[in-house]
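# mind folding the following:
(2 chains)
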Amino acid sequence: MPAILVEELQKVYRSGSANPVKALDNISFEIPKGQIFGLLGPNGAGKSTVVKILTTITTPSGGRAQVQGFDVAKEPLQVRRQIGVVLQQTAVETLLTVRDNLLIYASLHGMEKAEAVKRMRLVAEEFELAERLNDTVYELSIGTKRRIQVAKVFMLDSPVIFLDEATTGMDPIMKRKVMERLKNEARKGRTILLTTQILSEAEELCDNIMIIDQGRKLAIGTLQELKSDVQGANLEEIFLKLVEDKE
Amino acid sequence: MRKIAAIIYRDYRQRITNIGFIFWDLLVPVAYLTLFGTGFAKSVVNDNYMSFFLPGVIAMTAFSVAMNTSWGFFMDKDSGIFYELLTYPITRRQLLLGKICFNVALSAAGSVLAIAIGVLFMGVQIRWGFLPLTLAAIAVTTAGWFFLMSIFAITLNRMDSFNTFTSVAYILLMFMSTMFYPIADLPSWFRWAAYVNPMTWQVDILRFCLLGSGDIFWIILESAAFAAFTIVCMAFAVRALNRAA
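From the prediction side, this is the model:
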C-alpha cells in the first residue's frame, strides 16, 4: 500500500457559478512509504490544491485520494491523525509565545504534556528557538515565524509530512538544516510531499518529481527519468521546457 | 477531551494577551449597567429600572463574548493558523465545542460580575434559587450567539464586512428587543420585530430566571425558540467550517 494514492483527482472551484475554475484535472500519482516526492509547477498550477485535498482542508470534486490507506473525503479524521502539515501561508499563533505555539500544537494532536515539553526542548534547540521560547510570536521576524511553523511538524511522529513551500523566507543555514532533517526523516520511513519553487531544492531532495500546470500532469518520474524523457540537463531546464512548450 | 481542553486553553491564552478583549467582554456590559442604568433610572424612569435592566446587561455580555470569540476566526485567518487548524486531528464540531466551552465560561464570569454589582451596589433583588437555571440559560444563549456570529466570521473574507455586520447586528438586536425598555406601548411594527428577535427571547428568559417576571407559557415558548435558533445556527456554523476552504 502506498503512503499516498491519488487517482484521477479533480477540483473545480465555484462549480455552480457561471465561471467555474478547474484547479485540478484528472491528476494521478502515488508515493511509496519513505519517499520524498516533489510537486512542482508555476504559480496557480494546482499544487496547493493537491495539498489542501490531501490534508483534508478541502474535498475533491472528483476522483479519489488516500493517505496511509484512508480516504481523504470519507475518513478525514483518520487522515489527519497520519499527517503533519506546513502550509504555504505562515501559520503561527501571533499573540502567543513560541512555547505556547509548540505545546498547544502538540496537545491539539493528542500528545501528553510531559512528552510535549520534552519534544519542545529538542525542536527548539534544533531550530534555534530555545532562546525565544518566551517571546510573543508577534514580535518575531518572518523567517523565525516560518521556523516555528516547520518546528511544529517535528514535534510529532506523523508518518506523512506535507510541506507547501515550507522553506520560503528561511535563511540558507536553516534551509540547509531543514533539508538534512527531511532526508533523515525519509530514511526513517516517513513520507514527505513537498511543493517548492526552488528547483535546486527539489533536485537535491526528491526521489520522485511531478510537474503540473493548469491542473494537469505534465511529467512524472525520477530526476534521471525526467532528464532523459524531456531532454533537459537539469530540473530547471526540464521545468521550463515543459511549461513553456505547453504555453 | 484533551483536544477540547487544548482548544479552551488556546482561546484563554489568546484572550488574556489582549486587554482590549477583556474590556469588551466584561467591562462594557458592566459600564452599561452602572452608567447608563443609573442615569436612566434616576432621570427618566425609576429605581426599579436597575432590576429591569440587569438581565439585559447579562444578555449583552453573552452577545459581546460570542462576538469576540467568533472574531477570533478572523485572527486565525490573519495569522494563517485557520487552515492549519483544519488539518489537525480534531473534528470541526470539536473545534466549535472547545470554543463554546471557553465562551460560556467567560460569559458566565461576566454575568456573575454584573449580578454581583447589581445586587451589591444597585439594590437589585434576584431569585437566588434560580441561579443555576440562569447559568444554564446563559450557556445556551451564549452558544446560540456564538454559532450565529461564527457563520459570518467563517464565511466572510473581509474583516471590514464582518465588523459592519456585527455593528449592525449589535444595534438592531439590542435596541429592537426588550433589553432597554418594555415594548408594550411601542408601535406595532416595532413590537413584532422585537417578538421575532432572539435577543428578546434571551432577555425575557433571563428576566424570568432572575426576577420571576413574565408569563411562564410565553417563557417556555421563547426558550424552545432560542433552543431551535441555537441548533439551526450550529448546523450552519459546522457547514460553514466544512466548506471553509
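# C-alpha only now, for contacts and for neighbours.
Fine.
# spell out which residues of chain A are next to chain B.
Contact residues (Cα under 8 Å from any Cα of the partner chain) of chain A with chain B: A:55-58, A:77-78, A:80-81, A:83, A:85-87, A:89-96, A:104, A:107-110.
# just the ones of the residues you listed in helices?
With helices defined by DSSP state H, the entries of the residues of chain A next to chain B inside them are A:L77, A:Q78, A:R80, A:I104, A:S107, A:L108.
# report the separation between the last one and B:M1.
Read that as A:L108. When Cα to Cα, to the nearest Å is the yardstick, A:L108 and B:M1 sit 10 Å from each other.
# so which of these two has more stuff around it?
Using other Cα atoms under 10 Å in any protein chain shown, the more surrounded residue of A:L108 and B:M1 is A:L108, with 20 against 9.
# wouldn't the more buried one be in contact with B:P89 here?
Yes. Counting by Cα atoms under 8 Å, A:L108 does reach B:P89; the two are 7.4 Å apart.
# neighbours around the residue nearest to B:R2 when sequence neighbours are not counted, how many?
Spatial nearest neighbour of B:R2, excluding adjacent residues (Cα to Cα, 6 or more residues apart in numbering or on different chains): A:G110 at 6.5 Å. For A:G110, the neighbour count with other Cα under 10 Å is 20.
# got a pLDDT number for A:G110?
You'll see A:G110 listed with a pLDDT of 90.
# now the phi/psi pair for it, please.
For A:G110, the backbone dihedrals (degrees, to the nearest 10) come out as phi 80, psi 20.
# repeat for A:T55
Dihedral angles (degrees, to the nearest 10) for A:T55: phi -100, psi 10.
# which ones are touching it?
By Cα atoms under 8 Å, 6 or more residues apart in numbering or on different chains, A:T55 lies in contact with A:V72, A:V79, A:R80, A:I83, A:V85, A:F162, B:T87.
# if we go to 6 Å?
B:T87 (Cα atoms under 6 Å, 6 or more residues apart in numbering or on different chains).
# same deal with the one 10 residues further on?
Residues in contact with A:A65 (Cα under 6 Å, 6+ apart) are A:L5, A:V6, A:D71, A:V72.
# among these, which lie within strands?
A:L5, A:V6, A:D71 (DSSP state E).
# and chain B, which residues reach chain A?
Contact residues (Cα under 6 Å from any Cα of the partner chain) of chain B with chain A: B:K3, B:A6, B:S79, B:G80, B:I81, B:L86, B:T87, B:Y88, B:P89, B:A245.
# now do the contacts for residue 56.
All of this refers to chain A. For A:T56, the contact set (Cα under 6 Å, 6+ apart) comprises A:V72, A:P76.
# switch to chain B, that's the one I care about
Going by Cα under 6 Å, 6+ apart, B:G56 touches B:M179, B:V203.
# any idea how far A:L193 is from it?
54 Å.
# next: B:F146.
Shown here: B:F146 relative to A:L193, a distance of 37 Å by Cα to Cα.
# any idea how many residues pack against B:D11?
By other Cα under 10 Å, the residues close to B:D11 number 18.
# quick one, phi psi at it?
Backbone torsions for B:D11, taken as degrees, to the nearest 10, come to phi -60, psi -40.
# next up, the contacts around it.
B:D11 neighbours (Cα under 6 Å, 6+ apart): none.
# next SSE after whichever strand or helix holds A:R181?
Using DSSP states H and E, A:R181 sits within helix A:172-187. On the C-terminal side of helix A:172-187, the closest following helix or strand by DSSP H and E is strand A:191-195.
# which outside residues touch that following strand?
Strand A:191-195 has contacts (Cα under 6 Å, 6+ apart) with A:33-40, A:160-165.
# rerun that using 7 Å as the cut-off
Applying Cα atoms under 7 Å, 6 or more residues apart in numbering or on different chains, the contact partners of strand A:191-195 are A:3, A:33-40, A:47, A:159-165, A:186.
# got it, and stretch B:147-167?
Residues external to stretch B:147-167 that are found in contact with it (Cα under 7 Å, 6+ apart): B:M67, B:S70, B:W71, B:F73, B:F74, B:C233, B:M234, B:F236, B:A237, B:A240, B:L241, B:A244.
# what's the first-to-last distance across that stretch?
17 Å.
# can you pull up the most central residue in chain A?
Centroid-nearest residue in chain A: A:L163, 2.0 Å away (criterion: Cα atoms, centre = their mean).
# that residue is in what secondary structure piece?
Applying DSSP H and E as the criterion places A:L163 in strand A:160-164.
# any idea of the angle that strand forms with strand A:191-195?
Orientation note: strand A:160-164 sits at an angle of 10 degrees relative to strand A:191-195 (axes from the mean of the first three to the mean of the last three Cα atoms, to 10 degrees).
# sheet partners, orientation included, of strand A:160-164?
Using DSSP bridges, the strands paired with strand A:160-164 are strand A:83-86 (parallel), strand A:191-195 (parallel).
# just give me how far the first one sits from the chain centre.
For strand A:83-86, the separation from the chain centroid amounts to 7 Å (computed by Cα atoms, centre = their mean, to the nearest Å).
# repeat for stretch B:126-144
Here the centre of stretch B:126-144 is set off from its chain's centre by 12 Å, with Cα atoms, centre = their mean.
# got the contact list for stretch B:118-137?
By Cα under 7 Å, 6+ apart, stretch B:118-137 touches B:M50, B:S51, B:L54, B:A108, B:L206, B:C209, B:L210, B:L211.
# same thing but 8 Å
Applying Cα under 8 Å, 6+ apart, the set of residues contacting stretch B:118-137 from outside is B:L33, B:M50, B:S51, B:L54, B:A108, B:Q202, B:I205, B:L206, B:C209, B:L210, B:L211, B:G212.
# since that was my last question, I'll sign off now.
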